Every structure is written in structure tokens, then in C-alpha cells.
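Peer 1: What follows is a predicted protein model with its sequence.
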Amino acid sequence: MKPSVILYKKLPDDLLARLESHFSVTQVSSLSAENLQKHADVFANAEGILGSSETVGKDFLSHTPKLRAASTVSVGYDNFDVDALNARGIVLMHTPTVLTETVADTMMTLVLATARRAVEVAERVKAGEWKGGIGADWFGIDVHHKTLGILGMGRIGLALAQRAHFGFNMPILYNARRHHQEAEDRFNARYCDLDTLLAESDFVCISLPLTDETYHLIGAEQLAKMKSSAILINAGRGPVVDEKALIQALVDGKIHAAGLDVFEQEPLPVDSPLLSLPNVVALPHIGSATHETRYNMAACAVDNLIASLSGNVKENCVNPQVLK
Ligand SMILES: NC(=O)C1=CN([C@@H]2O[C@H](COP(=O)(O)OP(=O)(O)OC[C@H]3O[C@@H](n4cnc5c(N)ncnc54)[C@H](OP(=O)(O)O)[C@@H]3O)[C@@H](O)[C@H]2O)C=CC1
Ligand SMILES: O=CC(=O)O
């Protein structure tokens, strides 16, 4: 008999067929309490789950006594209680690498859009305000040759550094837990502590995961250390930045602008003050959202679930210690 798995995200037809050739698949709309109750038998027998964004913690695990593997269609896994998975010996698989270049493109989009005020001035054109030669109130600031600071020099940070160094001649500063020789050799990136990065960067770009250590890493104190001409870009996770402090810094002119793909609460509430600030570009968490990359992520997640439930894991495992 095929192992039973629960799918809580829509998949393209060919990938669904691939999943169904290995497993007995039950598709649910979400992992809500309502669905857990409605499909209690299915959850009780599930050996694997595949989907994204939903919280998988102790409560969920109490409904899935036979679970052996979880496959998330994302690289970030802060929505999983990894300690609880480890305690049960459940393998957690994710989708690094396939999305790296696309997310770096999104970060560069935010750098350019905020510096050149692309969204704001395009709105003014649509509103019929372009009536003659434009004046300084339409101008932005240069990106090329400015200093780009990267918080988190992992896969995405490295791909961003590549774009900034080769494409825009930008000096690169970075901070991570360790030095990254590849970034220093290929992009002439300079490792520095957080305070130095904040003080010297024209763009502070966050490509960090959300962990206990990175929660509110950027708050009022850190924002005050940035140049008043600097721009903050966050495509890591919303709670890495204290959003209230960010709003205050933007309102007070402590920093010049912000480009955000992630927020403390998603979807961003329609009454968020961020939405009424002209110097904010807010994207709806589209870091990896291209047709090609989302397909590749889904394919990777399907392969990850097949590999993990057949005891054939070679890559993309968050907690390899449970495999031993
Ligand atoms: N907006 C979006 O749609 C997307 C957002 N993301 C987010 O981006 C994150 C990064 O992805 P990816 O680059 O693949 O991950 P990596 O694991 O390759 O890189 C993470 C980097 O963060 C650094 N880091 C972690 N903790 C700390 C800390 N406490 N202090 C300083 N540096 C730290 C790591 O340091 P070290 O190298 O020293 O270990 C590493 O350089 C994801 O976890 C996810 O949250 C990812 C994809 C899409
Ligand atoms: O935020 C997206 C991810 O893949 O992580």
C-alpha cells in the first residue's frame, strides 16, 4: 500500500501526478483546526505532508502520530517547530538553491525601486501629474557605486552581492555569523560588525532567516545608527525588523526609505501606516514568485518528499540528525 500524504498547497498537474504515483494523496485547503477535525482519520494516518506557510507545531503534531516527513515549498522554515520534529524523528525538507537567483532579483528590484522612487513617480504619471519638464521633486538617488550592506551572506546574500558588484559597481559590506571567503574573493566584500555595517551602508539589505537571535535584530537603536540618506531593504522575514520602530524612523526622516517584501503580519493589514508612506515600496512577499521558480520549488518539494519517505535523502534536509 502506498504511504498516505497530505497536500496543503495546489500543485501543477504533472507534479501532482508524480506525487500520486508514489503516495495516496489527500488534498486539503489548509492545516486549519477545522480541517484537522474534518479529516481527522487522514491526518491520523499521514506519513508525510507537503505545502507552505502554515504553522507546524506541537499541536499539529498531536494530530499526526504517524508523520515521518514534512516537505515545505520554501527555503525558510521558521513556521516549523524543529525541536518538536526532532523529538519525534520527523524529517524536515526545504527548497534552497532553486529560488536563490529569483529572490536576489527581487532584492535588487527593491533597491532600484526605492532609490529611484519608481513606484511613487509611476503613480504620479498615472494620476496625470506629468504635465511638463520634471523638477527635482521627481528625482531619486543613484544606486551605482553606493555601498551595499548585506545582513546574512548565505545563498541569497551571495547572489545579491554578485548583482551589486558586477552590475552596479557597488562596494559590498556584509555581516553573518562567520566570514564568507567566496564573497570576499569574488565580490571584494568586506566583513564587518553590525554597527559598522549600519553606519557605513547606503543600502542595508536583509537576507536573514527568522530565529530567536534575529527576531527584532533591527530596532530603533539600530535604525538610529543608519545614515539619514540610507535605505533599508528586507526580504528575509518581517519580524527581523521591529516594524513599529521602522515606521517611526521613516516618519522622522531618520532613514530615507524602505523596500519591504516581508512584514511582521502577512498579509500586511490595509491600515498599516507603511502603506501611507511615499518612501516605502511594499511587495506582497513575492521574493520567489516567478512562474519558473515557483514550479521549480514545487518540483523540488515533491522530490524531497519522495526521497525522505523512501529513506533516500541526499540534500535539502533541515535536520539531518534525525536520519541517523
Ligand atoms: N522574501 C522571500 O520571498 C524569501 C525570503 N527568504 C528568506 O531568506 C532567508 C535566507 O535564505 P538563504 O540565503 O537561502 O539562507 P542561508 O541559510 O543560505 O543564509 C542565511 C544567512 O543568514 C546568516 N545568519 C543566520 N543567523 C544569523 C545571525 N544570528 N546573525 C548574523 N547572520 C546570521 C547566516 O550566517 P552564516 O553564513 O554565518 O551561517 C547566513 O549567511 C530564508 O531563511 C528566508 O527567511 C528566502 C526565500 C524567499
Ligand atoms: O519566503 C520564502 C521562502 O522560500 O522562505
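Peer 2: Happy to help now that I have it. Ligands and ions are numbered 1, 2, ... in the order given.

Peer 1: for the closest residue to ligand 1 within the chain, what are its contacts?
Peer 2: Nearest residue of the chain to ligand 1 (C-beta to the nearest ligand atom) works out as Gly154 at 1.7 Å. Where C-beta positions appear, they are placed from N, C-alpha and C, glycine not excepted. Taking C-beta atoms under 8 Å, 6 or more residues apart in numbering, we find Gly154 in contact with 176, 207.

Peer 1: 7 Å - rerun?
Peer 2: Ser207 (C-beta atoms under 7 Å, 6 or more residues apart in numbering).

Peer 1: mean confidence for stretch 212-219?
Peer 2: If you average the pLDDT over stretch 212-219, you get 98.

Peer 1: Any part of that stretch near ligand 2?
Peer 2: No: under the criterion of C-beta under 6 Å from any ligand atom, ligand 2 is not reached by stretch 212-219; the shortest gap measures 13.6 Å.

Peer 1: repeat for stretch 62-78
Peer 2: Yes: using C-beta under 6 Å from any ligand atom, stretch 62-78 comes into contact with ligand 2 via 74-76.

Peer 1: Tell me the buried residues in that stretch?
Peer 2: 63-64, 67-78 (16 or more other C-beta atoms under 10 Å).

Peer 1: From one end of it to the other, what's the distance?
Peer 2: Taking C-alpha to C-alpha, to the nearest Å, the first and last residues of stretch 62-78 lie 19 Å apart.

Peer 1: Any idea how far it is from the middle of the chain?
Peer 2: In this view, stretch 62-78 has its centroid 18 Å away from the chain centroid, taken as C-alpha atoms, centre = their mean, to the nearest Å.

Peer 1: what's in contact with it?
Peer 2: So stretch 62-78 is contacted by 9, 36, 43-52, 56, 61, 80, 85, 90-96, 99, 209-210, 237, 297-298, 301, 304-305, 308-309, 318 (C-beta under 7 Å, 6+ apart).

Peer 1: Buried ones from those, can you make that a ChimeraX selection?
Peer 2: Burial among the contacts of stretch 62-78 is assessed by 16+ other C-beta under 10 Å; the matching ChimeraX selection reads:
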select :9,36,43,45,46,47,48,49,50,51,52,56,61,80,85,90,91,92,93,94,95,96,99,210,237,297,298,301,304,305,308,309,318
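
Peer 1: Where do the strands of the chain begin and end?
Peer 2: In the chain, the strands defined using DSSP state E lie at 4-7, 24-27, 48-51, 69-72, 91-93, 148-151, 172-175, 190-191, 203-206, 231-234, 257-260, 280-282.

Peer 1: Need the ones you listed in JSON lines (columns: distance to ligand 1 and mean pLDDT).
Peer 2: JSON lines is the format used below for the strands of the chain (distance: least, C-beta to the nearest ligand atom, whole Å; pLDDT from 0 to 100):
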{"stretch": "strand 4-7", "distance to ligand 1": "21", "mean pLDDT": "98"}
{"stretch": "strand 24-27", "distance to ligand 1": "24", "mean pLDDT": "98"}
{"stretch": "strand 48-51", "distance to ligand 1": "16", "mean pLDDT": "98"}
{"stretch": "strand 69-72", "distance to ligand 1": "11", "mean pLDDT": "98"}
{"stretch": "strand 91-93", "distance to ligand 1": "13", "mean pLDDT": "98"}
{"stretch": "strand 148-151", "distance to ligand 1": "7", "mean pLDDT": "99"}
{"stretch": "strand 172-175", "distance to ligand 1": "6", "mean pLDDT": "98"}
{"stretch": "strand 190-191", "distance to ligand 1": "10", "mean pLDDT": "98"}
{"stretch": "strand 203-206", "distance to ligand 1": "8", "mean pLDDT": "99"}
{"stretch": "strand 231-234", "distance to ligand 1": "8", "mean pLDDT": "99"}
{"stretch": "strand 257-260", "distance to ligand 1": "9", "mean pLDDT": "99"}
{"stretch": "strand 280-282", "distance to ligand 1": "12", "mean pLDDT": "98"}
